[in-house]
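Colleague: please find the sequence and the predicted model below.
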Amino acid sequence: MTVEHTDVVIVGAGLSGIGAAYHLTEKCPHQQFLILESRNAIGGTWDLFRYPGIRSDSDMHTLGYSFKPWNSAKAIADGPSILRYVKETAAENHIDEKIRYSHKLTAANWNSDSRCWTLTVTQTDTGNSVQISCNFLYMCAGYYNYEQPHEPELPELNNFKGTVVHPQFWPKDLDYENKKVVVIGSGATAVTLVPSMADKAANVTMLQRSPTYIISRPSEDWFANGMRALLPPKLAYAITRFRNTRFQEWIYKRTRRNPTRIKKILLDAVRKELGPDFDVDKHFTPKYNPWDQRLCLVPDSDLFAALKNNSADVVTDHIEKFTATGISLKSGDQLDADIVVTATGLQLVLMGGAAISIDGEAVDFSKLWTYKGLMNSDIPNMVTTFGYINASWTLRADLTAEWVCRLLNHMNETQSSSVVPRVSAELNNMPQRDWIDDFPAGYMARVMHLFPKQGNQEPWINTQDFYRDRKLFNQPFDQDQSLFFS
């Protein structure tokens with residue numbers, strides 16, 4: 001079998017993968033690359049999710065690329081607009097020509113003798129398997145399973161005679177006009193769906209076991225729009241991106257220092273939105289502190305407006321069982337429903353679900369240490385993109401892409417064919433922490449035991465801090481005692 005070879009393989013043609021390809025094109029023109037995309041379309045998350053109201057929950061001046069200004073008036077953008085932005089980036093830079101659609105990475109093996117990766121790739125449209133070799137493997141496949149969402153067991157669901165839908169697989173022809181809808185969940189997807197469906201449905205109920213912190217922001221950023229009216233687009237975008245990044249950092253750190261104060265501010269804002277008759281303590285007051293889980297952003301108070309005009313309501317209770325016509329709750333109440341939407345979250349997956357091996361021996365990532373949150377100890381020539389859980393994903397994806405380009409250029413200059421992070425003997429027993437630390441959200445907690453660990457000192461950490469990462473990533477390679485080139 002003839003094995004195709006290229007310098008770099010990027011896995012994933014979503015927001016991260018297209019950004020990575022742009023940086024390679026601009027900063028490493030000597031590197032040949034291709035992109036493997038398991039689906040038949042560009043865009044990743046922004047093409048997969050098609051449920052009503054799908055939108056960003058971060059402002060597009062930080063979720064957008066550092067190199068391509070976001071020029072729309074709306075900073076909290078809808079999914080189709082974000083997808084157009086990603087497609088534009090790919091087309092403008094001829095990146096779309098490098099994408100192999102319906103190519104899913106199923107396995108990757110590093111050969112220490114040839115110093116390259118051999119990838120086993122399944123062509124999802126035909127079922128055929130092909131092999132591709134590369135010098136460098138660049139994982140931009142995101143962090144969740146596209147085929148399997150998180151689906152907790154719902155008691156006696158088979159009793160229900162209505163329609164059950166998961167947002168990850170939204171039917172094109174779902175008619176919910178004048179229907180009674182129950183949305184199970186209280187996270188970002190649920191708070192997006194409820195006001196979006198409330199316009200047509202007879203009624204929409206958000207059924208939650210426990211509340212989430214909700215914060216409202218205008219969909220349009222007055223500062224960004226003002227800057228764009230006064231300054232050239234790139235400069236206006238850069239200033240806005242800097243400002244918004246600083247604000248994200250400031251509010252997150254302030255929350256961690258004084259959670260009681262921030263909790264009061266958040267809940268006072270909800271009380272102001274909903275008025276004195278609404279039970280904010282029951283429905284919008286979580287038992288945890290702000291940023292123990294992500295805050296849920298709603299643009300222009302749309303969720304609160306739906307609750308106030310009675311097109312939607314919220315119920316905080318536990319499911320006893322499903323009935324033919326709805327849901328029986330442990331309180332004894334009954335929710336009637338024609339449609340139930342299970343907005344129960346994502347199922348995280350490591351390395352896009354691909355099996356990774358070194359010289360034929362399977363890698364157990366839980367036994368490894370993370371290097372700066374982008375490489376793993378003893379794994380050569382492989383970088384994984386993972387954004388921020390407390391800020392916009394693309395901020396870290398861009399930093400990672402810039403770091404990869406500097407790394408590849410350094411390897412070219414020093415005629416190195418391999419780079420591998422190694423933990424020194426004296427650090428092998430350093431204290432272990434989860435790869436994502438101090439963030440006990442369920443979707444993370446369910447899989448952290450599978451991820452590499454982080455230590456308590458650089459570079460064996462995953463900071464989740466943009467400005468700290470920027471300093472950490474900019475350290476010279478020739479002074480890095482943890483990276484070994486050969």
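Modeller: That came through, no problem.

Colleague: in the host helix or strand of T255, what's buried?
Modeller: According to DSSP states H and E, T255 maps onto helix 233-257. Buried residues in helix 233-257, counted by 16 or more other CB atoms under 10 Å: 236-241, 243-245, 248-249, 251-252, 255. To be clear about C-beta, it is placed using only N, CA and C from the backbone, and glycine gets the same treatment.

Colleague: any chance of TSV for those, columns distance to R55 and pLDDT?
Modeller: Formatted as TSV, the buried residues of helix 233-257 follow (distance: CB to CB, whole Å; pLDDT from 0 to 100):
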residue	distance to R55	pLDDT
A236	22	96
Y237	20	96
A238	24	96
I239	24	97
T240	19	97
R241	19	96
R243	21	96
N244	17	95
T245	20	95
Q248	18	90
E249	23	91
I251	20	89
Y252	21	89
T255	23	91
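
Colleague: now the helix holding T255, how far from the centre of its chain.
Modeller: In this view, helix 233-257 has its centroid 19 Å away from the chain centroid, taken as CA atoms, centre = their mean, to the nearest Å.

Colleague: tell me what the helix or strand that comes right after that helix is packed against?
Modeller: Tracing the chain C-terminally past helix 233-257 and defining elements by DSSP H and E, one meets helix 259-274 next. Taking 3 or more CB pairs under 8 Å, 6 or more residues apart in numbering; DSSP states H and E as contact, the helices and strands that helix 259-274 lies on are strand 214-217, helix 233-257, helix 280-283, helix 302-308.

Colleague: nearest to P29, out of those?
Modeller: helix 233-257 (21.6 Å; CB to CB).

Colleague: could you check the angle helix 259-274 makes with the closest one?
Modeller: 110 degrees (axes from the mean of the first three to the mean of the last three CA atoms, to 10 degrees).

Colleague: per-residue confidence for the closest residue to G14 other than its chain neighbours?
Modeller: Excluding its sequence neighbours, the residue lying closest to G14 (CB to CB, 6 or more residues apart in numbering) is G44, at 2.0 Å. G44 carries a pLDDT value of 95.

Colleague: can you check P440 too?
Modeller: Looking at P440, the pLDDT reads 76.

Colleague: now it. Nearest residue, chain neighbours left out?
Modeller: Closest to P440 by CB to CB, 6+ apart is D292, at 5.7 Å.

Colleague: go on, W460?
Modeller: Using CB to CB, 6+ apart, the nearest residue to W460 is W369, at 4.9 Å.

Colleague: ok, now R271?
Modeller: V280 (5.1 Å).

Colleague: who are the neighbours in contact with the one you found?
Modeller: Residues counted as contacts of V280 (CB atoms under 8 Å, 6 or more residues apart in numbering) are 267, 270-271, 274.

Colleague: between the residues you listed, which is closest to K74?
Modeller: For the contacts of V280, the nearest to K74 is V270 (23.1 Å; CB to CB).

Colleague: tell me the phi and psi of the spatially closest residue to the closest one that is not a sequence neighbour?
Modeller: Of all residues not flanking V270 in the chain, F284 sits nearest, at 4.9 Å (CB to CB, 6+ apart). The phi/psi pair for F284 (degrees, to the nearest 10) reads phi -140, psi 20.

Colleague: about what we covered before: just send the contacts of V280 back as JSON lines, with pLDDT and neighbour count too.
Modeller: Listed next are these as JSON lines, based on pLDDT from 0 to 100; neighbours: other CB atoms under 10 Å:
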{"residue": "L267", "pLDDT": "96", "neighbour count": "19"}
{"residue": "V270", "pLDDT": "97", "neighbour count": "19"}
{"residue": "R271", "pLDDT": "97", "neighbour count": "14"}
{"residue": "L274", "pLDDT": "96", "neighbour count": "18"}
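
Colleague: can you list the residues you listed in CSV and add distance to P29?
Modeller: Formatted as CSV, the contacts of V280 follow (distance: CB to CB, whole Å):
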residue, distance to P29
L267, 53
V270, 51
R271, 56
L274, 55
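
Colleague: ok, which pair from those is furthest apart?
Modeller: L267 and L274 (10.6 Å).

Colleague: returning to that earlier point: what's the local residue count around the residue nearest to G14?
Modeller: 24 (other CB atoms under 10 Å).

Colleague: wait, it sits on G12?
Modeller: Yes: between G44 and G12 a contact is recorded at 6.3 Å, counting by CB atoms under 8 Å.

Colleague: am I right that T62 is in a strand?
Modeller: No: secondary structure of T62 (DSSP: H, G, I helix; E, B strand; the rest coil): helix, not part of a strand.

Colleague: what is the burial count for it?
Modeller: Neighbour tally, T62, other CB under 10 Å: 26.

Colleague: quick one, helices of this structure?
Modeller: With helices called from DSSP state H, the chain shows them at 15-27, 45-48, 60-63, 79-92, 188-198, 222-230, 233-257, 259-274, 280-283, 302-308, 393-413, 442-445, 466-473.
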